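1. My questions concern the predicted model and sequence given below.
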Amino acid sequence: MDSSKNLSEDEQALLLAAQVFSAKEWSAFEELLPDLEDIPAFGHFVDGREVPEIHPYKCLMYPSEKTSCIQNAIWADAPLSTIKAIVEKCKEDPKKRNILATCDEDGYLPLHVAAGVSEDLEVVKFLLCSYPKAAMVVDSAGMKPIDIITRGGNIEGRPERTNVGAIRDFLEDFMSKYKRMHTCYRCGKDDVPLKKCSACKYVSYCGRDCQRADWKKHKDVCKAKQATGAKKC
């Protein structure tokens, strides 16, 4: 007996989406996503058999207290289009609007998870460009996303990946640019007003003391940047 006939329309939609998602047909899931509302988790019985906890779909739609739907999508190797669709959906909910800036109980932002498990450089780029400050956030272990990828890019025994090098290079380049633009180039302070070097406008300092102390190291770069024109990040 197919007990799905006794399900509400929302539940039937979720069951269909679960079946689609379990087959990794992401494009079909993305079409369903805008119409799905959050409802309490429930068990499904189809043909007398209980549908087990759907992975990755059920985790995505019913995140635990320690995870968010975007983090579970990253764990599930969802493509960039699905990640973007989820972010857009969350913007409609005031409680989820800042999902890319929200840490779980372990202090992980979505970018931490991507640094630890993702194979898709474009997903990492999207997360970082959407919320650049994520690059500087430390998790409960005191690690930034770049630290996670530098140690091999594995979280909790995730199998080795093949694209770690490209993601690490991108994060390192971004961190270098972020430090130059948003922190004092000498002392690293980021919670004070900064002023760019008036000559090259390539680096910033928190005050004259740091600028003077850094001049011996910076002067060659400063002259070179004035000659070639500092590239904008």
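-> Looks like it arrived, so ask away. Remember, predicted model here, so these are calculated numbers, not experimental data. Residues are numbered from 1 along each chain as shown.
2. Need the contact partners of the longest helix seen in the chain.
-> What stands out as the longest helix in the chain, according to DSSP state H, is helix 208-228. Defining contact as Cβ atoms under 8 Å, 6 or more residues apart in numbering, one finds that helix 208-228 is touched by Cys184, Tyr185, Arg186, Cys187, Cys197, Ala199, Cys200, Lys201, Tyr202, Val203, Tyr205. No exception for glycine: its C-beta is placed from N, CA and C like everyone else's.
3. hmm, 7 Å instead?
-> With Cβ atoms under 7 Å, 6 or more residues apart in numbering as the test, helix 208-228 has contacts from Cys184, Tyr185, Arg186, Cys187, Cys197, Ala199, Cys200, Tyr202, Val203, Tyr205.
4. Just the CA coordinates for that helix, please, in CSV.
-> The C-alpha trace of helix 208-228 is given here as CSV (Å, rounded to 0.1, in the frame of the first residue of the first chain):
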residue,chain,number,x,y,z
ARG,A,208,52.0,57.2,11.3
ASP,A,209,54.0,55.1,13.7
CYS,A,210,53.3,51.9,11.9
GLN,A,211,53.9,53.5,8.5
ARG,A,212,57.3,54.9,9.5
ALA,A,213,58.3,51.6,11.1
ASP,A,214,57.4,49.7,7.9
TRP,A,215,59.0,52.1,5.5
LYS,A,216,62.3,50.3,5.1
LYS,A,217,60.4,47.1,4.0
HIS,A,218,57.8,49.0,2.0
LYS,A,219,59.8,51.6,0.1
ASP,A,220,60.9,49.3,-2.8
VAL,A,221,57.3,48.0,-3.3
CYS,A,222,56.0,51.6,-3.0
LYS,A,223,58.3,52.9,-5.7
ALA,A,224,57.5,49.9,-8.0
LYS,A,225,53.7,50.4,-7.5
GLN,A,226,54.0,54.1,-8.3
ALA,A,227,55.9,53.2,-11.5
THR,A,228,53.5,50.5,-12.7
